[in-house]
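Undergrad: Everything below, folded, please.
(one chain, ligands or ions: 1)
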Amino acid sequence: MLGEARVAWAERAMPVLGLLRREFGASRPFAGRTIAACLHITAETAVLVGVLTEGGGEVHLAASNPLSTQDDIAAMLAGQPGVFVYAKAGVDRDTYYAHLNRALDSVPDLVIDDGCDLVHTLHSQRQELLASVAGGCESTATGVARLRLMAASGTLAFPVLAADGSVTRRMFDNGHGTGQSVIDGLLRATNLLLAGKTVVVAGYGSCGASIADRAAGLGAAVIVTEVDPVRALDALMRGYRVLPMAAAAPLGEVFITATGSRDVIGAQHFWLMRDGAVLANAGHFDVEIDVRGLAAASVKVNHGVRPHSDEYVLASGTRLVLLAEGRVVNLIAAEGNPAAVMDLSFAAQALALAWLAGGADLPAGVHPIPATIDVSVAAHALAAQGVGIDALTAAQREYLASWRQGS
Ligand SMILES: NC(=O)c1ccc[n+]([C@@H]2O[C@H](COP(=O)([O-])OP(=O)(O)OC[C@H]3O[C@@H](n4cnc5c(N)ncnc54)[C@H](O)[C@@H]3O)[C@@H](O)[C@H]2O)c1
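TA: Down below sits the predicted model:
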């Protein structure tokens, strides 16, 4: 399907961005501003870019992952006025960073990042540009974690609003979108029946919990692995078996990592696994499954046994199927998060960016997206679906504001 048709389809499920497009078309919050963006290049991202350009911005867009770029969308965007695209699916690491640098050549006033590679490149290779950046937004947990470390070391030179901490992102995007789209990627790549399968989910954060629920909903027996006692206890109380990875490795038929950490499945686990086990990663970077260790442990690799599926044959004869080369499976083997949740996340980011462009007075560092933005996005989304809710009465307001009214 052509990029235009896919973007038009996504737009139908993105009413909040549609509304912002009209608002920003009138208020022009980004007039004269250059925005460098590093995002997965999907139909939903194209809708966000349309909102930013309608608001007067010039957008220079690079991909946030070398494998997730949808080339038809990149080609469609490159033909839009005020949009410059530096991305192609499947580029090597050097080209990926060359593309980030080309986006930075625009001398941005504002940045949008997904994973912190753009902001990191800006601070490590392009310091001459730092003074002109008013601020930025970061989409994902891994990027926010890197930014906090930059801020703690005194390196981060401008304010960044953490979309990941926002309610819209964690509750709707991670909590509903990632769970569904990760299972979608797994099924498109393998055509497995999940009913009756043992699925091991590593990491019970906002993404992992949502993946576990979807797998369980399809009839899988879910095992959770964790390093955080609170999250592990939560998983246990929700009915999941909790085990260390070494104990889960011989039991799992499907493994999905969603931790933001590295080597969660490593050389010590591969040889314990069952023949035919499927390995997939939902975390931002391709380090959660030790792909190099897997290659080193294998005597043969059968590439492309299915789309986005490579079969690694261990010396024991055990075959392990790695999906999407260990990169974000929902973006590579499927289409990323559904438009309806990206509508909310991107609307929050567009509003946050407009707030920064309007001169929000924030010091350098990582800041939450203001709660008023979350509330406004949710209210718009409810209104777009014709859903009404109650409003507090005067008496309720008074009651909630007082500590004097007891039993
Ligand atoms: N694929 C997508 O569409 C998508 C969407 C959002 C976030 N992400 C990425 O997914 C990852 C997780 O995001 P999140 O928002 O759920 O983060 P989170 O911080 O809410 O959860 C991560 C969980 O993993 C656990 N963990 C860390 N190391 C572990 C280990 N070695 N073994 C088992 N558990 C471990 C942590 O204790 C935590 O509970 C991040 O890399 C994030 O950037 C991907």
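
Undergrad: who in the protein is up against the ligand?
TA: Residues of the chain lying close to the ligand (C-beta under 6 Å from any ligand atom) are 140-142, 174, 178, 202-208, 225-228, 231, 258-261, 264, 282-284, 328, 330, 337. All C-beta atoms are positioned from the backbone trio N, CA, C, and that covers glycine.

Undergrad: What subset of these is buried?
TA: By neighbour count, with 16 or more other C-beta atoms under 10 Å, those hold 140-142, 174, 178, 202-208, 225-226, 231, 258-260, 264, 282-284, 328, 330, 337 as buried.

Undergrad: Output the lowest mean pLDDT helix or strand found in the protein.
TA: Lowest by mean pLDDT, DSSP states H and E among the helices and strands of the chain is helix 167, with a mean of 82.

Undergrad: what's next to the strand or helix carrying residue 103, contact-wise?
TA: Using DSSP states H and E, residue 103 maps to helix 93-104. Helix 93-104 is contacted by residues 36-38, 60-63, 66, 84, 86-88, 91, 117-118, 121-122, 125-126, 129 when judged by C-beta atoms under 8 Å, 6 or more residues apart in numbering.

Undergrad: from the stretch 101-250 of the chain, which residue is nearest to the ligand?
TA: Proximity to the ligand, evaluated over the stretch 101-250 of the chain using C-beta to the nearest ligand atom, is greatest for residue 205 at 1.7 Å.

Undergrad: So that residue sits against residue 258, correct?
TA: Yes: using C-beta atoms under 8 Å, residue 205 is in contact with residue 258, at 6.7 Å.

Undergrad: if we can go back for a sec, with only the CA atoms kept, save the helix holding residue 103 in PDB.
TA: Presented in PDB, the C-alpha positions along helix 93-104 are these (Å, rounded to 0.1, in the frame of the first residue of the first chain):
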ATOM      1  CA  ARG A  93      25.300   1.800  11.900                       C
ATOM      2  CA  ASP A  94      27.500   4.400  10.200                       C
ATOM      3  CA  THR A  95      24.800   5.500   7.900                       C
ATOM      4  CA  TYR A  96      22.300   5.600  10.800                       C
ATOM      5  CA  TYR A  97      24.600   8.100  12.600                       C
ATOM      6  CA  ALA A  98      25.300  10.000   9.400                       C
ATOM      7  CA  HIS A  99      21.500  10.400   9.100                       C
ATOM      8  CA  LEU A 100      21.300  11.800  12.700                       C
ATOM      9  CA  ASN A 101      24.100  14.200  11.800                       C
ATOM     10  CA  ARG A 102      22.200  15.400   8.700                       C
ATOM     11  CA  ALA A 103      19.100  16.100  10.800                       C
ATOM     12  CA  LEU A 104      21.400  18.100  13.200                       C
END
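
Undergrad: for the stretch 301-407 of the chain, what spans make up the helices?
TA: 329-332, 339-357, 371-384, 394-400 (DSSP state H, counting those that start in this stretch).

Undergrad: now, which of the buried ones among the residues of the chain next to the ligand lie within strands?
TA: The strands, defined by DSSP state E, take in 202, 225 from these.

Undergrad: what residue is smack in the middle of the chain?
TA: Central residue of the chain (C-alpha atoms, centre = their mean): residue 140, 5.1 Å from the mean position.

Undergrad: Would you mind listing the residues in contact with it?
TA: Here residue 140 is in contact with 114, 115, 163, 164, 284 (criterion: C-beta under 8 Å, 6+ apart).

Undergrad: change it to 6 Å
TA: Counting by C-beta atoms under 6 Å, 6 or more residues apart in numbering, residue 140 touches 114, 115, 164, 284.
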